[in-house]
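Visitor: quick one: sequence and predicted model below, then my questions.
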Amino acid sequence: EDQLVESGGGTVQPGGSLRLSCAASIFSFSSFHMSWIRQAPAKGPEWVATINPGGERTYYADSVKGRFTISREDSNNTVYLQMTNVKPEDSALYYCRKGTGGYVLNREIPPWGPGTQVTVSS
C-alpha cells in the first residue's frame with residue numbers, strides 16, 4: 001500500500017521561507033510524477049507544483065511561480081517544496097500526491113498523507 005507523509009510545516013512571517021518534505025513509500029517511486037497541492041479552510045484543493053520522473057521538468061501554479069521550487073531525491077523516495085517569499089494567502093494544509101493532472105485533487109483517489117500545515121502570519 002502506497003503511503004505519503006508530509007512534514008516541515010509551521011508558522012512563518014510574510015516574506016520568509018520554509019521547506020516541506022514528503023516521505024513516500026511508493027513502489028517504483030522514481031517512475032512517477034509527484035505533485036504538491038494545498039487546501040485552505042473553506043476552499044477547495046489547489047494544485048501547487050509537479051515534478052516529472054527524473055526531475056528535469058517542473059511545473060507551477062501561477063500563484064507560486066518564481067517563489068516555490070519543487071524537487072525530488074529518488075534515492076530517499078522524498079519530494080520537497082522550497083517555499084520563499086511566502087504570503088498570507090499561502091497559508092494552507094499542504095499535501096504531496098503521486099501523479100499529475102486533475103486527479104491529484106480528488107479526495108477519493110489514494111494515497112493521501114496527513115498533510116503539513118503552513119501558516120503565514122506576522
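Guide: Ah, there it is. Residues are numbered from 1 along each chain as shown.
Visitor: Leu20 and Glu108: what is the separation?
Guide: Note on Leu20: its distance to Glu108, by Cβ to Cβ, to the nearest Å, is 24 Å. Placement of C-beta: from N, CA and C, glycine included.
Visitor: of the two, who's got more company?
Guide: Each of Leu20 and Glu108 has its neighbours counted (other Cβ atoms under 10 Å); Leu20 has more, 25 against 6.
Visitor: name the helix or strand for the more buried one, please.
Guide: Assigned by DSSP states H and E, Leu20 belongs to strand 18-25.
Visitor: residues making contact with that strand?
Guide: Here strand 18-25 makes contact (Cβ atoms under 8 Å, 6 or more residues apart in numbering) with 2-10, 12, 34, 36, 76-83, 86, 94, 96, 98, 113, 116, 118.
Visitor: pLDDT score for the most centrally placed residue in the chain?
Guide: Taking Cα atoms, centre = their mean as the criterion, Trp36 is the residue nearest the geometric centre of the chain, at 2.5 Å. For Trp36, the pLDDT comes out at 98.
Visitor: the one 10 residues further on now?
Guide: Reading off the confidence values, Glu46 has pLDDT 96.
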